[in-house]
Every structure is written in structure tokens, then in C-alpha cells.
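Peer 1: what's the 3D shape of this:
(2 chains)
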Amino acid sequence: MPERPTLEGLEARWGAWWDAEGVYRFDRGRTRAEVFSIDTPPPTVSGSLHVGHVFSYTQTDCVARYQRMRGREVFYPMGWDDNGLPTERRVQNYFGVRCDPSVPHDENFAPPTDPAEPVPIGRRNFIDLCLQLTETDEQAFEDLYRRLGVSVDWGLTYTTIGERCRRVSQRAFLRNLARGEAYQAEAPCLWDVTFRTAVAQAELEDRPRQGALHRLAFARSDGGGDILIETTRPEMVAACVALVAHPDDDRYRPLFGSTVRVPLFDTEVPVLAHALAEPGKGTGIAMVCTFGDTVDVTWWRELELPVRPIMGPDGRMLAEPPDALASAGARAAYAEIAGLTANGARRRIVELLAHSGALVGEPQPTSHAVKFFEKGDRPLEIITTRQWYLRNGGRDLPLRKELLDRGTELAWVPEFMGTRYTNWVEGLNGDWLVSRQRWFGVPIPVWYALDDAGRPQYDRVLVPAEDSLPIDPASDAPPGYEESQRGKPGGFTGDPDVMDTWATSSLTPQIACGWEEDPDLFARTFPMDVRPQAHEIIRTWLFSTVVRAHLEHDSLPWRRAAISGWVLDPDRKKMSKSKGNVVTPVGLLDDYGADAVRYWAARGRPGTDTAFDESQIKVGRRLAIKILNAARFVLGLAGATDRGDTPAAAAGAVTEPIDRALLAKLGDLLDGATEAFEAFDYARALERTERFLWDFTDNYVELVKNRAYRDGDAGASARAALQIALSAQLRLFAPFLPFTCEEAWSWWQQGSIHRAPWPQRAELPDAGDPAVLAAASEVLGRVRRAKSEARRKLRTPVTQAHVTAPPEFLEALTAAQGDLCDAGNIVDLALSPSTDGEGPTVESRLAAE
RNA sequence: GGGCGCUUAGCUCAGUUGGUUCAGAGCACUUCCCUUACAAGGAAGGGGUCGGCGGUUCGAGUCCGCCAGCGCCCA
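Peer 2: Just a heads-up that it's a prediction; the model follows:
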């Protein structure tokens, strides 16, 4: 035990010791009922760390440590989410390159130095750079989490681009395919023109954009005049396939079934009825284009309209007009916009429309919501492409019902988060689009047979054997084919796409638990006990994981979801790199230590956003120092520091009423902290424990300190109670302040505190009446106040303290009289029962200066 | 436009089934104290009509309704 306890150096010492001792190593000899398994979120390894990373992981770690002390064998793996677009983007910026699959592989490739323009490089070189950078990033992340004391088993790690994840992702996909849950379709899908990939409904966000409403005149084919529509996307007029109005709209009801002519392009389109048309919006009748927005897709599908595509995957108008634009005038008009971006085409079309007289009045500025890919910065377009989909209840109601039931079956912390799941599932409007036109991801593990003309036959999907996974259809040949047949008539071609990153992330329970690869482990860990995660990815990560487990295992992936809040900056804005308000955790760990930072994180309630507040970290540091000092005091008392001196051995010695009162209070704390932890409310457990500690040191320790120094039974009683209380409190704090508590524990106990039993009331000796301690604390406080108000030293003798209080209070006080007089330096304690039940009041007469 | 959550001391936040224990904690602020566990400390103190309005109730920070502001999710 050091002379002067300090927090410095604890992280390095105990971190290394935990590693060497395997304190957090998973023992797979235990049965499922004895295991507590955690589906740790694999953080996106983007190279930058911020306090959000330490916030939620600390919260989960506190629960993990509690469960471990309760005797559960904790299965606590860690993954790194490195596949997908964030890594690609980071590699592009970091190395100044861009992936171009048409560039051949360069065996001796070295990243460019200081390129002016992004250098195009081949797919394999690009992937190599991704792997290289993520490895560095992952080391930085592991260092951070180790430093923070997160008690994961570092022998259980995975990366989402790693071989195991590719194998599991591909196997799960092939199972989905075999059961008909995965299917391909040529259909309109949301498309990011910057990244040139399809995106899923779950990855959308609305952003307000300034636009203009253009009023356009469509001439009725019967010569009965014009119909006016309003649109913010006049450039889409070439792709117009119909006009729609609400079926109950009397203004347009007579026109349903008739046709109009599209301005400039002179195609004839029908006027139709659909309930989604809003009579109050604009003129109450809208043009349907293929495709201007998602409602167009609905109209197109439900009204069985033709497709007239004009938008290309690069965000520019296709070079050739759709076939329906047959007239010379139409083709000439289209030539004006071919190859232009949406904005450029809009400007040109507006000029043409104005010139033709079809534009009525001036465009009116308007603000409207536009759909964006959450990681993109140009509006999404809708393009018809062949993509892979996974059934998720978006299109079939029985499955949706089953998934809604799963949401109910799942235990949510906090409960109201379940509503977000329900809302999301109920709002699904299509299946899950899982294919992405990207490179750094898990390849879709299929090939297509080519016909005699060398064209892919998409209905002839060639699949690999499961035991050959993972495969890359770009370099592996399908069963029954030779590599030489690639791209040849009668040969095969690989699917060029990768899966959505969520298609891998949705399998983290299967990946971590060894699905189909380690049946013994799987049986001991799956379904998992808890999925900790943040609330904004309920619609993506949580939901998709439920979908995969439901389809594959007909079960939930975990029993419970523990949803964490966000760290907000002090102005209550979400921290984000783009806002430049990110607080990096490494500096905080340097300045205050891991336990102090953990304390701040553990105070954040489940599901509740927390504004970053450095002053709370200081409080955590003070708390940790206080614990060390309190331990030093208790263990510095005679006979207390013999190693292995267990509280149980000292139990019989607790005889004094005030000492037994402390144990009563401690018993309540143990019940309360345990109850809170069982409900995943680590923050409440911490709050209760912390409150107890300060009361313990401020009042109980001060009251019994003098007696504890003395020999004899009375002194032994105090020392025993102090040790029992210290032992329990160290263990109560251990989940929150693992370094501090391990340090103090090591001063007198064998083994790691993190494998010590969670303290419970049953281990305490018979307790007394808590009123004794409460009464003594109360009077001691009054005496201190009298001294403080008189501006005297706390040591100042009190010649007489006169307490007037109800008889029960006085009775309790009497039981602690000796300690009270010692602590308050009270010469004479006079007690008077109050007749009216009032009190206590304390008159303190201080000795002259 | 719909759903969910939040609004309590200058700041950050607790207040679990409505009742002397519910108006609290910490930070900040003021005063005092180097008392032998702790000065990177300790003791004490001032500070809030619990967002607004209305309702249920013997009694509402707590339940209900409406409104306002903030945040998130969705349309």
C-alpha cells in the first residue's frame, strides 16, 4: 500500500496484468445459462476517435463487469467495421486515389505522393490500400478501448472485411437465396450519382432544399384547352408518362381516361386517378415521371405505366432519348438536354418551355424536402437497374407482422425505444436493397451463365458450394466452369457488386458466436443476451439483424436491446466531424485518467443524450482519489492490511450499534445497486453507490475514526465494519472505476476484483437500526455548521451541545453518543425530549477562543 | 403533417408505482479549515413559483388534456 495513493500509472499496470492473467478471457466450458453474451457494436474504423466512442462502450462495459461479478461467464467480443463506403472515402482522401476497375492491377503499386488529382487505380490495388489503412486505424481503436479498460476478450475480434465475415455474409446470403428470401429484380431504385451506387431506404435522409415551382401547361388531346400542373423538376418532363389527380377531385374527374400532350416532347399521356395525389398541392394534378421522386415510383407501379428513362447513373441525362420520344421535334428538344446534369437540364428546359409558351408565369421559389443518401451530398436520383433484394416485410404483410412481433418480443432499454422499431417496420415501402456498386465490401457470391451471344442469363444464377466460401466471383470460377470461360459465350460472368455494409453487420451475432463454424460455441452464446447500440441505427443495424436471425434461425438474435444516447456538444448539438465540435478522448484520458472518463460516461442514462461536460470528468477523478484514500485509511488501521483478511472473518466483531447501523444502510445499498443493474440501469447503481460513499466518508468514518484507532472490542467493531463496508464499496465501484478498484483491492485481497463476487446483503452480518447512524450524522452536521457559522475551526471544543428532539431520535443518538462526542469534540452532550415531536434542534456552545 | 423523447438552481443532471423521507446532487459561487485517509482536499452556506395554461385528486415535479420551445425518427 503506497504512502500517498495516486491514479498515475494504474492503467498501464492493471491493463497489462489483466491481459497476462486472462481476467476477461471467455471460458467456453460454461453452459448457455451461465454465459452472458454481448453483441458489441463494431465501430466504424474511420481513423478518428471521439468521445462518443468511449461513452456508450463504457456503459456496456459496466454491465459486462457487473454480470461477470455476478458469476456469469461474459462473452464479450469486439469487431471492427471496416468494409464499405466510409473506408473507401477515407482511402481516397488519405492516399489521393480513386478506384477504377478498368485500370489493371499493378504488382509494384505505391501510393502517389502529393497528387494534384485523384489517381485512378485498379480494384485490387484499391482494396489493398483499404486493408492497409484499416489495419492502422484498428490498432488505434484497440489502443483506445484497452486504455479505457473495456473488458472485452481481445482474443475474440473480427473485422467486417475479414475472411470470417465474408464467409458468414456469403453463406447467409446463399441461404436466403435458396429459401427465396433473396431475389434480384430490374426495378427503379434510389441511386447516388456521386458514388454511383444504389442505396437502401434505411440509408435515406430528407434535407430541405430551395427549389422553384414551375407551372406547366399540358394541352388536352381533345382540344379542350390546357391542364396546368406544378413541378419542382421540369427537366423530368421528357420522362412524363401520365398526369394524376385524386379520384374524388371534381375538377379533374371528367378528364380521367382522357389524354394530354406533353409540352416540347409531344408524347401523349393519360390522365389518371390515384389516392396519393394531393388536391391541395399546387393545381391538384401532378405529372408522373420515370422517375422524379419516390411517389412517382408508386404511381408508375400501381398504375402500370411505361418507363421512359432519361437519367443516367452518372447523374447526367442519357445521351439517347427514350423510344417513345419519336417525333423530330421531341428528339431535337431532347438533344438540348442530353448529357447535362439535372440542374443544367432544368435551366435549359425552362428556357425551352418559356419559349414554347408552356411555362405559365414565373417559377415560384419554394422550400421542399429532398431525399439524400445519408453519406452523400447530391440529391438522389431514381434509376432502373438490376439489383439484389432481401425480403424484410417491406412488401409482404405476413413477414412484416412476424417482424413486428419480434420487436415486441425483444426487451428494450429504455422501453420507449421499441416504438421506433415499430414505426420503422410499419413504414417500410419496399424490400431491402442489398447490392452496392462498390468495391471494398463482401462480394455477392454468385455468377451468371452467359448465353451463346455472351449475354448474362440472370435467371441462371450459378452459386458456389458453402464449403468454398468466401469466394470472389471476379477471380474465382463457378463450379463446373473453368476460369478461361469467363466472359465467353456459353461461359459465365461474376456478379460485379458487393453487399450493403449492413448485410454483413446484420450478422454480427452469427459472426461472433461462430454460426456453422463452431457449433459448440454457438450453442453456448446464441441467441445473445444483449445488443448495445445507439438509437439512430435502430432502423438499420438493429432491424436488419432481427431480419437475418428471424429468417435463418426463427428466433431473435438477442433477448434485449440496450439503446444508448449520444454525446452532444455543450450547445446540445450532435458532435460531428463536419461541425468541428468533436472532442477527442485521448487527451481526456491523458488529463484525467480512464476511470474519471468512465465515470462521466456511466452517469449517462440509457437512451438519454448527454451534453459533454468536462467538469463531470473532474468529479470522477476526485471520486477515484477519494476511494483510494478511504481504502488507505481503512487498511492502515491496526491488523487490517494482512492479505487475505476477509470481511467474513471480521464479521463477528461488529457489535457497536452505530457500526451495525452502517451495515443496515449498506445492505439497502446492495439491494438497490443490484436491482438497478438488473434493469441495466448502471447509472442509477453508480449514483446510489456514490451517494453512499460520500455519506460513509463524511459522516460514518468521521464518527468512528477515533474509536477505530483504539484497542479493544469497541475499536475492533469499528475496524471490522469499516473493512466490510470498504470491501463492498470497492466491488460496487469496480464496474465503473476498474483501475482504481483493482488497485485498492490489490492492497489486501488476492486475485482480481473483477472476478470477485458481487456484494450482496446475504454476506453481511446481522445489521442494526440505521436510525443510529442517521441521528449521529445529523447532529454532527449541526455542530459543524455552528462552528462554520462562527468561523471557528472544526476542532474547536463544544462545551455543551444541547439536542432537543423526539424521544426515538434521542434514543438512537444515545447509542452513538461516544462517537458523536469524539467526532464533534463535544464535552457535554445534553438531551431533551421535545414535547411537540419537533426537532431535532441543536444548540452548540463553543469553547472560548 | 405523424410518432417518440426532452423542458427541474447560472451550468450538467437525478427525482422508479402521486403523500412528513420530494424540491435534490455535483459543478460554479461565498465563507471557514493545512483535523495525523484525502489541500488535484475537507466543512458549511446562498441559490429553483420543477416550460406555460387547464384538469383529475384530500393532495401533482410526478397522472390527463392543450400550448410553446428543443431534439430525434419518419411522412
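
Peer 1: The lowest-mean-pLDDT helix or strand in chain A: what's the following helix or strand?
Peer 2: Here the helix or strand of chain A ranked lowest by mean pLDDT, DSSP states H and E is helix A:647-650, holding a mean of 53. Toward the C-terminus, helix A:647-650 is succeeded by helix A:657-678 as the next helix or strand (DSSP states H and E).

Peer 1: Can you tell me which helices and strands that following helix packs against?
Peer 2: helix A:682-695, helix A:702-709, helix A:712-733, helix A:771-789 (3 or more C-beta pairs under 8 Å, 6 or more residues apart in numbering; DSSP states H and E). Just so you know, the C-beta spots here come from the backbone N, C-alpha and C atoms, and that holds for glycine as well.

Peer 1: Show me what the shortest one is packed against.
Peer 2: Using 3+ C-beta pairs under 8 Å, 6+ apart, the elements in contact with helix A:702-709 are helix A:657-678, helix A:712-733, helix A:771-789, helix A:817-824.

Peer 1: got the ones you listed as a markdown table, with mean pLDDT columns?
Peer 2: What follows is those, written out as a markdown table (pLDDT from 0 to 100):
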| stretch | mean pLDDT |
| --- | --- |
| helix A:657-678 | 92 |
| helix A:712-733 | 92 |
| helix A:771-789 | 88 |
| helix A:817-824 | 91 |
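
Peer 1: where does residue A:186 land on pLDDT?
Peer 2: Confidence per residue is given as pLDDT, and for residue A:186 that number is 88.

Peer 1: actually residue A:204, sorry about that
Peer 2: The per-residue pLDDT reported for residue A:204 equals 81.

Peer 1: Look up which residues are beta-bridged to it.
Peer 2: Beta-bridge pairing of residue A:204 under DSSP bridges involves residue A:373.

Peer 1: any idea which of the helices and strands packed on helix A:702-709 is most buried?
Peer 2: helix A:712-733 (a mean of 23; mean count of other C-beta atoms under 10 Å).

Peer 1: What mean pLDDT does the following helix or strand past that one get?
Peer 2: Next along the chain after helix A:712-733, taking DSSP H and E as the criterion, comes helix A:738-746. Along helix A:738-746, the predicted local confidence has a mean pLDDT of 95.

Peer 1: Same check on stretch A:616-623?
Peer 2: According to the model, stretch A:616-623 has a mean pLDDT of 90.

Peer 1: Would you mark the buried spots in that stretch?
Peer 2: Applying a neighbour-count criterion of 16 or more other C-beta atoms under 10 Å, one finds A:616-617, A:619-621, A:623 buried in stretch A:616-623.

Peer 1: Out of these, which sit inside helices?
Peer 2: Cross-referencing those with the helices (criterion: DSSP state H) gives A:616-617, A:619-621, A:623 as the overlap.

Peer 1: among these, which are within reach of RNA strand B?
Peer 2: Taking C-beta under 7 Å from any atom of the strand as the test, RNA strand B is in contact with A:616, A:619, A:621 out of those.

Peer 1: ok, so of those residues, who is nearest RNA strand B?
Peer 2: Nearest to RNA strand B among those is residue A:619, at 4.1 Å by C-beta to the nearest atom of the strand.

Peer 1: My guess is that closest one contacts residue A:599. True?
Peer 2: Yes. Proximity of residue A:619 to residue A:599 meets the contact threshold set by C-beta atoms under 8 Å, at 7.0 Å.

Peer 1: Mind putting the ones in helices among the buried residues of stretch A:616-623 into TSV with distance to residue A:97?
Peer 2: Rendered in TSV, the data for these read as follows (distance: C-beta to C-beta, whole Å):
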residue	distance to residue A:97
A:616	43
A:617	40
A:619	47
A:620	43
A:621	44
A:623	49
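
Peer 1: And the helices in the stretch 301-450 of chain A, which stretches?
Peer 2: Defined through DSSP state H, counting those that start in this stretch, the helices belonging to the stretch 301-450 of chain A, from first to last, are A:328-335, A:342-356, A:397-409, A:417-426.

Peer 1: hmm, the last one touching RNA strand B?
Peer 2: Yes. For helix A:417-426 and RNA strand B, the contact criterion (C-beta under 7 Å from any atom of the strand) is met by A:419-420, A:423-424.

Peer 1: are any of the residues you listed buried, and which?
Peer 2: Restricting the residues of helix A:417-426 next to RNA strand B to buried positions leaves A:420, A:424, with burial counted as 16+ other C-beta under 10 Å.

Peer 1: Tell me how far the most centrally placed residue in chain A lies from RNA strand B.
Peer 2: The C-alpha lying nearest the average C-alpha coordinate of chain A belongs to residue A:534 (C-alpha atoms, centre = their mean; 2.9 Å). Distance from residue A:534 to RNA strand B, counting by C-beta to the nearest atom of the strand, to the nearest Å: 9 Å.
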